[in-house]
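>>> let's see this in three dimensions:
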Amino acid sequence: MPDDSPLIQSLRTAVDAAPADVPLRLHLAELLLNDGRPDAAVTEVAVALQHAPGDAQARELMVRAMGVPQQTAPGAPEPAAESPVEKRKGFDWQAAEDQVGDVVPPRFVETPLAAADGTGTGNGNGNGNGNGTVRLADVGGMQDVKDRLEAAFLAPLRNPELRRLYGKSLRGGLLLYGPPGCGKTFIARAVAGELGASFLSVSVNDVLDMWIGNSERNMHQVFETARRNAPCVIFLDELDALGAKRSRTLHNGMRNTVNQLLTELDGIDAEANEGVFVLAATNVPWDVDIALRRPGRLDRTLLVLPPDAPAREAILRYHLRDRPIENVDLGRLAKATDGLSGADLAHVCEAAAERALLDSARSGTVRMIGMKDLLTVAKDVVPSSEPWFASARNVAMFANEGGMYDDLVAYLKKKRKL
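This next block holds a predicted model:
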C-alpha cells in the first residue's frame, strides 16, 4: 500500500476528529481514488453512506471506485468524458447495492415490526410523519391508549349525526397520567392532529406570575385564545403544578389560580367551550385537586405506561435512523428493553453510539454501532419508571377511591408488582 501524501494524511486526521463530516470524508475518498487507491476510497465512501444514505455525490463516488461501467444506448459512441450527472442517468442502483453489499452491511437484520404493520414510527420525542402534523398513526404501538382516545374524543367528532342524536357535546377533558418519559405530550399532539385542531401547550411558566392577579389573568387568556381558535386542544402540562390540591396549598395566589382554572373549564355558559378540548398530563395525579376531576371537567383519565414492544421498536428505529449501524435486530432489542421508557430507549441509543465512537477514536478505525453495543448498554440501564411505580403502588393499594386507579391496579397485578 503506497504511503499517504501529506494532504491525505492531513485529511485522515481531520476525518478522525470529525467522523460524521460527510463532505470531508468524500473529499478524502476522491483524493484516494485519484491516487489510484479505489479500495481505500470504497471504505471511506461506505462510511459516508452510513451517515448519508441518499447522498448523490457519495453514490457517484462509490460507482467510480467500484469500477462499474456506464450503461449506454446500443450503438451509441462511448463519450470521451462524462459529467457526474450523465453518469447517474439510467444507472441500476439495485445492481450497484448488490455489488457493494459486503462493503456496506445492512442496517437492520429484518423489517421492523412497527414499520411493517403500519403502527407508525413516532416515539414521543419527534414529529412523527415529518410534515409537522402528528397523527395517532405516528404513535408506535400503544393500541389500548389509541382505542381510549378514539372513544373519548375522536369518534364523536367524526360522526356529527350520531353526536347530535346522543346529545354528545364537543367539549370535554382528559387527564393523561403515568411515569415520566413515556410520551404523554406526544400523544396530546397526536390527538390535536387527528382533530385537525390547533394545539396550545401550556406549562406552569406560562401561567404563574409573582404579581397578584396576573396568574389568574394568564389562565383566562389561555382559554380565550383557544376559544377564538376553536377547534383547539389545550394541553396543560404538569397539571399537579397548575392544579395542586388547594387543601395543601398555603399560598393564596396558587389557590386562586386553581379556582380560575375550574372556572375556565366550566365556561361562562354551556356553549363557551364548544370545540375546546382540554388534555392534561401529570406524573402524580394523586396530587391534583379533586375538583378538577369532577364530571364536566377532567373527568376521564388515561394511564400512559412504558411503551409496548411495537412502540419500543418504533422508538429505537427513530433514534438509530441517522447513526452508522449494522445488523441491528430490532425485534430482539425490543425484547431486551422491556420496561424501559421512551427516554430510557433514547439513552440506550446515545450510550451505544458513545461506545462505538470511543472505540473508533482509540483504534483509529471507524466502526459501526452493532447489537453488542446496544445490548450491553440496555443490560445496564435501570428503568427510570421504577421509582414512580414504587409510589404508585401505595396509591393503588390504599387510595383507589371509586376505582379511580383501576387501570393502574390491573397493570401492577399483570406485572406482579402488587
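
>>> what about the residue nearest to Arg163 when sequence neighbours are not counted, neighbour count?
Using C-beta to C-beta, 6 or more residues apart in numbering and skipping the chain neighbours, the partner closest in space to Arg163 is Pro156 (4.7 Å). The C-beta positions use only the backbone N, C-alpha and C, and glycine is treated the same way. Neighbour count of Pro156, defined by other C-beta atoms under 10 Å: 18.

>>> secondary structure element holding Pro156?
helix 155-158 (DSSP states H and E).

>>> ok so, going back, how far away is the residue nearest to Arg163 from Ala311?
Distance from Pro156 to Ala311, counting by C-beta to C-beta, to the nearest Å: 26 Å.

>>> same check, this time on Cys232
27 Å.

>>> neighbour count winner among those two?
Between Cys232 and Ala311, Ala311 has the larger neighbour count (other C-beta under 10 Å), namely 28 against 21.

>>> what's whichever strand or helix holds the more buried one packed up against?
Applying DSSP H and E as the criterion places Ala311 in helix 309-320. When contacts are defined as 3 or more C-beta pairs under 8 Å, 6 or more residues apart in numbering; DSSP states H and E, helix 309-320 packs onto helix 113-116, helix 330-336, helix 342-363.

>>> any idea which of the ones you listed scores lowest on pLDDT?
Mean pLDDT is lowest for helix 113-116 out of the helices and strands packed on helix 309-320, coming in at a mean of 43.

>>> show me how far the following helix or strand past that one is from its chain's centre.
Scanning forward in sequence from helix 113-116 by DSSP H and E, the next helix or strand is helix 143-149. Here helix 143-149 is found 18 Å from its chain centre; the criterion is C-alpha atoms, centre = their mean, to the nearest Å.

>>> buried stuff in helix 143-149?
145-146, 148-149 (16 or more other C-beta atoms under 10 Å).

>>> what is that helix packed up against?
Short answer (3+ C-beta pairs under 8 Å, 6+ apart): helix 143-149 packs on helix 184-195, strand 300-303.

>>> circling back to that earlier point, so which two of the buried residues of helix 143-149 are the farthest from each other?
Within those, Lys146 and Arg148 form the most distant pair, 7.4 Å apart (C-beta to C-beta).

>>> that older thread, quick check: which of the helices and strands packed on helix 143-149 is buried the most?
helix 184-195 (a mean of 22; mean count of other C-beta atoms under 10 Å).

>>> could you find the closest non-adjacent residue to Asp400?
I think there's a mix-up here, since residue 400 is Asn and not Asp. Val409 (6.4 Å).

>>> got the contact list for stretch 239-249?
By C-beta atoms under 8 Å, 6 or more residues apart in numbering, the surrounding residues in contact with stretch 239-249 are 175, 202, 204, 207-208, 236, 254-255, 257-259, 261, 280-285, 287-292, 298.

>>> these in strands, which ones?
175, 202, 236, 280-282 (DSSP state E).

>>> can I have the buried ones of those as a PyMOL selection?
Selection of buried members from those for PyMOL, criterion 16+ other C-beta under 10 Å:
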select buried, resi 175+202+236+280+281+282
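
>>> now for the ones in strands among the contacts of stretch 239-249: which two are most distant?
Counting by C-beta to C-beta, the most remote pair of those is Leu175 and Val202, 14.3 Å apart.

>>> re the thing from before, quick one: the ones in strands among the contacts of stretch 239-249 as TSV, columns for distance to Leu165 and pLDDT too.
Formatted as TSV, these follow (distance: C-beta to C-beta, whole Å; pLDDT from 0 to 100):
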residue	distance to Leu165	pLDDT
Leu175	27	90
Val202	34	91
Leu236	31	92
Ala280	29	92
Ala281	32	92
Thr282	34	93
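
>>> the helix holding Pro156 - contacts with which helices or strands?
Against helix 155-158 (3+ C-beta pairs under 8 Å, 6+ apart) you get helix 160-165.

>>> same question for the helix it packs on, mean pLDDT?
Per-residue scores along helix 160-165 average to 78.

>>> figure out how far that helix is from the centre of its chain.
That offset, for helix 160-165, works out to 35 Å (C-alpha atoms, centre = their mean).

>>> can I get that helix in CSV, CA atoms only?
Presented in CSV, the C-alpha positions along helix 160-165 are these (Å, rounded to 0.1, in the frame of the first residue of the first chain):
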residue,chain,number,x,y,z
PRO,A,160,-71.7,14.6,13.9
GLU,A,161,-75.1,13.0,13.2
LEU,A,162,-74.6,10.4,15.9
ARG,A,163,-73.2,13.1,18.2
ARG,A,164,-76.4,15.1,17.8
LEU,A,165,-78.6,12.0,18.2
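
>>> in it, what counts as buried?
Per 16+ other C-beta under 10 Å, helix 160-165 contains no buried residues.

>>> tell me what it is packed against?
helix 155-158.
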